[in-house]
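Asker: Attaching a predicted model along with its sequence, questions to come.
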Amino acid sequence: MKQTVTALIVAAGRGARAGEGVPKQYRELHGLAVLTRTLRALLAHSAVQDIQVVIHPDDLPYYEKSTTGLDNLRPPVFGGNTRSESVLRGLEAIAETGTDIVLIHDAARPFLPVQIIDNLLFALNSHRGAFPALPVVDALWRGQAGLALGSQSREGLYRAQTPQAFYLQDILQAHQKDEAPADDDVALAKASGMEVAIVPGDEANYKLTTRADFIRAEKDFPLIDIRTGNGFDVHAFTTGEFVTLCGITIPHTHSLLGHSDADVAMHTITDALFGAISEGDIGQWFPPSEPEWKGAASDIFLLKAVERVAARGFTISNIDCTIICETPKIGPHAAEMRAEIARLAGIESERVSVKATTSEKLGFTGRKEGIAAMTTATVVKQ
């Protein structure tokens with residue numbers, strides 16, 4: 001029979017060591033509250049069916065904002081004066097659900113790897129409790145008043161992390177009979193006679209405690225700003241002997257009609273890049289009403305878009321252009337088109353896709369009256 005798993009998040013603390021202001025579990029880290037990131041990390045594991053959060057009564061507005069849009073959250077409960085009291089209240093609330101296993105986790109550990117949960121649940125197959133930890137590797141010294149007194153062996157010493165996993169009834173009973181606050185739940189479990197397993201922790205699973213930890217988190221987990229833009233354009237055929245697509249001249253029975261060189265494909269690429277950074281389109285940057293752009297090569301437009309992407313601090317991740325026409329045939333020229341767009345965009349050709357399709361002889365392209373194109377482009381900033 002499959003066992004049920006509930007996560008218990010302890011988020012009632014004040015986090016004084018992190019400095020003044022909003023409690024650390026509600027402070028934003030790259031645009032999201034720490035608690036939001038912690039909840040998402042737990043909900044990412046398929047075994048976690050729901051989450052119980054213990055909060056401070058004063059923090060209800062922060063909590064509601066931090067949990068907007070998240071599912072599988074039980075109504076929060078208010079914590080006590082100590083961590084042990086807060087955990088007990090959370091456990092008592094969870095006990096009503098009949099869940100089998102509880103993962104007790106710090107709200108200020110938002111970078112929990114999924115593998116740790118896997119390891120904990122596996123350990124519970126043979127133990128009543130388990131927790132992740134890292135072996136101490138640094139030299140240890142005892143000290144007093146800023147002076148070294150003597151060395152301390154690091155043999156068998158570990159740095160404990162959370163979540164700490166237990167069978168719910170076991171850890172609930174341990175908390176209910178406890179008379180003095182404990183450093184963590186493993187201490188209570190051991191005092192109750194439970195055998196608790198140690199599973200491998202992860203350096204990424206560190207706790208945000210001080211301002212320095214938040215600075216580290218900003219550096220270790222930089223915000224990746226990913227934006228996508230789309231472009232669409234059509235040009236009619238006119239008299240002529242070639243068309244220009246993606247900067248490549250292709251002999252044809254007609255040319256494309258336009259104020260510039262009418263490179264319909266490159267126009268959509270340009271518009272997609274402008275769109276990704278919310279800087280308008282070709283018409284705004286190069287108005288067709290201005291004579292200087294009559295007959296202009298479209299690479300002028302694309303290079304301006306590439307320049308603006310760089311000026312905004314982004315790099316081009318990929319470009320995907322689809323040309324819609326009955327004629328000419330695009331396939332024989334696609335590789336050359338990709339290479340030219342990659343050269344202008346300053347990226348590898350493997351990041352550029354140029355492909356073609358027909359409209360099954362429907363519409364103006366099906367009647368061979370012109371060519372349409374559409375492009376999606378993605379830009380990234382770290």
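Answerer: Cool, the structure landed.
Asker: helix or strand for residue 274, which one?
Answerer: Using DSSP states H and E, residue 274 falls within helix 264-276.
Asker: next structured bit after that helix?
Answerer: Sequence order places helix 282-285 as the next helix or strand after helix 264-276, per DSSP H and E.
Asker: ok, back up a step: which elements pack onto the helix holding residue 274?
Answerer: Applying 3 or more Cβ pairs under 8 Å, 6 or more residues apart in numbering; DSSP states H and E, one finds that helix 264-276 makes contact with strand 225-239, strand 242-245, helix 282-285, helix 299-311, strand 315-324, helix 334-345, strand 370-381. C-beta here means a position set from N, CA and C on the backbone, and glycine is covered the same way.
Asker: ok, the longest one: who's next to it in the sheet?
Answerer: Right, strand 225-239. Strand 225-239 pairs in its sheet with strand 254-256 (antiparallel), strand 370-381 (antiparallel), by DSSP bridges.
Asker: TSV for the helices and strands packed on helix 264-276, including distance to residue 84 and mean pLDDT?
Answerer: Below are the helices and strands packed on helix 264-276 laid out as TSV (distance: least, Cβ to Cβ, whole Å; pLDDT from 0 to 100):
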stretch	distance to residue 84	mean pLDDT
strand 225-239	42	94
strand 242-245	70	94
helix 282-285	62	90
helix 299-311	54	93
strand 315-324	49	96
helix 334-345	59	96
strand 370-381	44	95
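Asker: With mean neighbour count added, can I get these in TSV?
Answerer: Listed next are these as TSV, based on neighbours: other Cβ atoms under 10 Å:
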stretch	mean neighbour count
strand 225-239	16
strand 242-245	23
helix 282-285	16
helix 299-311	18
strand 315-324	20
helix 334-345	19
strand 370-381	22
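Asker: could I get stretch 96-113 in CSV with only the CA atoms?
Answerer: Output in CSV follows, covering the C-alpha atoms of stretch 96-113 (Å, rounded to 0.1, in the frame of the first residue of the first chain):
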residue,chain,number,x,y,z
GLU,A,96,-6.2,15.0,11.3
THR,A,97,-5.4,14.0,7.7
GLY,A,98,-4.1,10.5,8.5
THR,A,99,-0.9,10.9,6.5
ASP,A,100,1.8,8.4,7.1
ILE,A,101,5.1,10.3,6.7
VAL,A,102,6.0,13.9,7.4
LEU,A,103,8.9,15.9,6.1
ILE,A,104,9.8,18.7,8.5
HIS,A,105,11.6,21.5,6.6
ASP,A,106,12.9,24.9,7.3
ALA,A,107,11.2,27.7,5.3
ALA,A,108,14.6,29.3,4.7
ARG,A,109,16.0,26.4,2.7
PRO,A,110,14.6,27.2,-0.7
PHE,A,111,17.1,25.3,-2.9
LEU,A,112,16.1,21.7,-1.8
PRO,A,113,17.2,19.2,-4.4
